[in-house]
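# Here is a sequence with its predicted model. Questions after.
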Amino acid sequence: MKAVVGRIFRRSDSEENKREIEEELRFHLELLTLEHLQPDVSLAEAKGAALKRFGNIELIKDQCLEISRKSHPLMPAVKFFLIVVFLVGVLVRVNGTDCDVIHIGDLLIAVPILCRLLLYVRGLNPSRFFSEHKTSTPLMLNETAQPSFTIYDHRKLTPVERLISEK
């Protein structure tokens, strides 16, 4: 029982998680190295090719830590609890006749919304928005090296003007 409670309440970005992620990344890097290892290719060249194909290890490690942080076992329970509190607040607000009861309903509606907003903002990663172009990976829907769409246009054109200017 103590192990289960400790596992639920442990910090999600603990050293154990970091160590597990590093072991997994090393394992996959070794698999890629073995895949690139040929009779005419040295071990150092195979490791270099595997690292080049694998990508930025630190970026991948950070993304894995972010995913493991979001998959905490209590998060579905917390989200369900916030939904229940919100629904109770709506019921109290609709069925309440007294001014104080209506204010309690307002609080029961506002608190879960603010908590969910806090969980959302806490999950945002600023590096996603301020990353350099070489670390960002645009969605490629065509065979060329150019992204198929522009998320933000620095020329301040409307989407219709962009379509006309691209023709």
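Ah, there it is. Numbering: from 1, shown residues only.
# just for this protein, where's the confidence low?
The chain contains residues with pLDDT under 70 at 1-14, 70-71, 123-163, 165-167.
# Please work out how many residues are found near Leu74.
Other residues within reach of Leu74, judged by other Cβ atoms under 10 Å, total 11. All C-beta spots, glycine's among them, are computed from the backbone N, C-alpha and C.
# no no, Leu32
Leu32, neighbours per other Cβ under 10 Å, totals 18.
# Likewise for Pro76?
Residues lying near Pro76 (other Cβ under 10 Å) number 10.
# so how far is Ile102 from it?
Distance of Pro76 to Ile102, computed by Cβ to Cβ, to the nearest Å: 31 Å.
# do Ile164 as well
Applying Cβ to Cβ to Ile164 and Ile102 gives a distance of 53 Å.
# Leu51 sits in which helix or strand?
helix 43-54 (DSSP states H and E).
# sorry, back to before: which of Ile164 and Ile102 has more neighbours?
Taking other Cβ under 10 Å, Ile164 and Ile102 do not tie; Ile102 has more neighbours (15 against 10).
# can you give me the helices in this structure?
Under the criterion DSSP state H, helices of the chain are mapped to 2-9, 15-36, 43-54, 57-70, 75-95, 99-123, 126-129, 159-166.
# Please write out the alpha-carbon positions of the second one in CSV.
Written as CSV, here are the backbone C-alpha positions of helix 15-36 (Å, rounded to 0.1, in the frame of the first residue of the first chain):
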residue,chain,number,x,y,z
GLU,A,15,15.5,11.5,-11.2
GLU,A,16,14.0,8.1,-11.8
ASN,A,17,12.0,9.3,-14.8
LYS,A,18,15.0,11.1,-16.2
ARG,A,19,17.1,8.0,-15.8
GLU,A,20,14.5,5.8,-17.5
ILE,A,21,14.1,8.2,-20.4
GLU,A,22,17.9,8.4,-20.8
GLU,A,23,18.1,4.6,-20.8
GLU,A,24,15.4,4.3,-23.5
LEU,A,25,17.1,6.9,-25.6
ARG,A,26,20.4,5.1,-25.3
PHE,A,27,18.8,1.8,-26.2
HIS,A,28,17.2,3.3,-29.4
LEU,A,29,20.4,5.0,-30.3
GLU,A,30,22.3,1.7,-30.0
LEU,A,31,19.6,0.0,-32.2
LEU,A,32,20.1,2.7,-34.8
THR,A,33,23.9,2.3,-34.5
LEU,A,34,23.6,-1.4,-35.1
GLU,A,35,21.3,-0.7,-38.1
HIS,A,36,23.9,1.6,-39.6
